[in-house]
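Trainee: just to be clear, the model below is a prediction. Sequence and coordinates:
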Amino acid sequence: MSTPVKVAVTGAAGQIGYSLLFRIASGELLGKDTPVELRLLEITPALKALEGVVMELDDCAFPALAGVEIGDDPNVIFDGANVALLVGARPRTKGMERGDLLEANGAIFTAQGRALNDHAADDIRITVTGNPANTNALIAMSNAPDIPTERFSALTRLDHNRAIAQLAAKVGAPVTDIRHMTIWGNHSATQYPDLFHAEVGGRNAAEVVGDQDWLENTFIPTVAKRGAAIIEARGSSSAASAASATIDHTRDWLLGSAEGDWVSMAVRSDGSYGVAEGLISSFPVTTSGGSYEIVQGLEIDDFSRGKIDASVAELAEEREAVTSLGLIG
Ligand SMILES: NC(=O)C1=CN([C@@H]2O[C@H](COP(=O)(O)OP(=O)(O)OC[C@H]3O[C@@H](n4cnc5c(N)ncnc54)[C@H](O)[C@@H]3O)[C@@H](O)[C@H]2O)C=CC1
Ligand SMILES: O=C([O-])CC(=O)C(=O)O
């Protein structure tokens with residue numbers, strides 16, 4: 001058997017963790033033939049619950065699961081990690097925006113950024129799911145000066161998948177017919193799910209829909225506010241779908257996105273599409289072998305420009321807020 005890939009997961013005893021860990025262990029992240037060692041981080045009071053989850057992992061007898069370590073010290077849990085899925089953070093509750101969590105959750109990502117910097121393997125790839133995901137990724141990245149900035153990403157794949165599902169339902173097509181979906185900006189209510197570059201069966205999605213009112217007043221708000229709708233209905237925030245998107249995002253990054261398509265990832269802006277350099281903002285990207293490239297050359301009309309600018313402005317405000325909290329230098 002080859003050397004196991006060390007996958008660190010934070011917040012492992014939480015809702016998302018309960019779905020995510022079993023899918024990683026069953027081979028859905030790295031393939032069924034790749035052995036994986038799970039390294040699970042929790043806060044001290046949650047370690048007992050985490051022990052119960054580990055008992056359940058044992059009870060699945062997953063062939064690819066080579067080992068499990070648990071603990072409350074990121075310096076130990078991140079030691080030698082090849083992949084880190086930073087999920088552990090407080091979720092919002094009814095009436096909150098994700099940005100309201102900045103103060104509560106931001107500090108988690110300074111300590112974890114430093115611990116990754118000092119202990120992770122040289123090939124580390126980091127996905128931030130914990131909210132507010134983009135700015136938490138910015139905090140972790142800013143506290144890990146020795147890790148190349150392109151190893152940090154934040155999750156907008158759930159929004160991307162939601163947008164595909166909404167479009168497919170509207171036009172009566174299978175989700176497999178939808179390509180080139182893009183989420184721009186922040187994982188927040190200002191995000192911009194873009195139908196002008198998406199395709200249904202090879203045809204332009206906005207044209208197939210042919211209904212600007214639906215696009216502006218139904219599609220965009222439904223996707224952008226889906227998290228709140230789930231909190232309203234379930235009483236707690238999305239979990240299984242968030243775990244599924246975390247797998248999709250990280251698997252595609254490591255193993256490659258589908259030929260002829262692209263995915264949405266929040267990554268450090270290099271200034272593409274006028275997004276201020278250094279912000280962690282969602283872009284259309286192609287991926288292969290642990291690298292991504294921002295898709296270039298898309299034409300952005302005035303409508304899309306306004307939407308992208310509004311979301312990026314919010315990211316800039318969040319960066320200012322965490323700078324004044326002393327979370328980034
Ligand atoms: N980016 C996205 O698309 C989505 C993000 N989320 C976010 O993911 C995060 C986790 O959500 P849930 O699993 O539902 O929450 P949860 O409350 O069920 O679990 C969070 C876990 O993190 C742990 N934790 C807190 N501080 C920690 C630290 N310093 N180190 C390690 N673990 C720590 C807690 O003890 C808890 O077990 C929330 O911030 C939520 O808003 C949720 C859905 C989608
Ligand atoms: O809405 C929330 O707070 C949880 C989340 O990020 C999502 O479901 O997209």
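Mentor: Yep, it's here. Ligands and ions are numbered 1, 2, ... in the order given.

Trainee: host element of the closest residue to ligand 2 within the chain?
Mentor: With CB to the nearest ligand atom as the measure, residue 227 is the residue of the chain nearest to ligand 2, at 2.1 Å. Where C-beta positions appear, they are placed from N, C-alpha and C, glycine not excepted. Per DSSP states H and E: residue 227 is located in helix 226-234.

Trainee: okay, now the nearest residue to residue 275 once chain neighbours are set aside: neighbour count?
Mentor: Of all residues not flanking residue 275 in the chain, residue 269 sits nearest, at 4.2 Å (CB to CB, 6 or more residues apart in numbering). Counted by other CB atoms under 10 Å, the residues lying close to residue 269 total 20.

Trainee: try the one 4 residues further on
Mentor: A count of neighbours around residue 273, defined by other CB under 10 Å, yields 20.

Trainee: interface residues of the stretch 151-300 of the chain facing ligand 1?
Mentor: Contact residues, the stretch 151-300 of the chain versus ligand 1 (CB under 6 Å from any ligand atom): 155, 158, 187, 237-239, 242.

Trainee: now, which of those lie close to ligand 2?
Mentor: Okay, of those touching ligand 2 (CB under 6 Å from any ligand atom), that's 158, 237-238, 242.

Trainee: who wins on neighbours among the residues you listed?
Mentor: Counting neighbours by other CB under 10 Å, the top entry in those is residue 158, with 25 neighbours.

Trainee: check which helix or strand that residue maps to.
Mentor: Element membership for residue 158, per DSSP H and E: helix 157-171.

Trainee: the next helix or strand after that helix pairs with which strands, parallel or anti?
Mentor: As assigned by DSSP H and E, the chain's next helix or strand after helix 157-171 is strand 178-179. According to DSSP bridges, strand 178-179 forms sheet pairs with strand 199-200 (antiparallel).

Trainee: which residues touch the helix or strand just after the partner strand?
Mentor: Next helix or strand after strand 199-200 toward the C-terminus (DSSP H and E): strand 203-204. Outside strand 203-204, the residues within contact range by CB atoms under 8 Å, 6 or more residues apart in numbering are 196, 198.

Trainee: if we can go back for a sec, make JSON lines out of the residues of the stretch 151-300 of the chain next to ligand 1 and add distance to residue 110, secondary structure and pLDDT.
Mentor: Formatted as JSON lines, these follow (distance: CB to CB, whole Å; DSSP: H, G, I helix; E, B strand; the rest coil; pLDDT from 0 to 100):
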{"residue": "155", "distance to residue 110": "19", "secondary structure": "coil", "pLDDT": "98"}
{"residue": "158", "distance to residue 110": "25", "secondary structure": "helix", "pLDDT": "99"}
{"residue": "187", "distance to residue 110": "20", "secondary structure": "coil", "pLDDT": "98"}
{"residue": "237", "distance to residue 110": "23", "secondary structure": "coil", "pLDDT": "96"}
{"residue": "238", "distance to residue 110": "26", "secondary structure": "coil", "pLDDT": "98"}
{"residue": "239", "distance to residue 110": "26", "secondary structure": "coil", "pLDDT": "98"}
{"residue": "242", "distance to residue 110": "23", "secondary structure": "helix", "pLDDT": "98"}
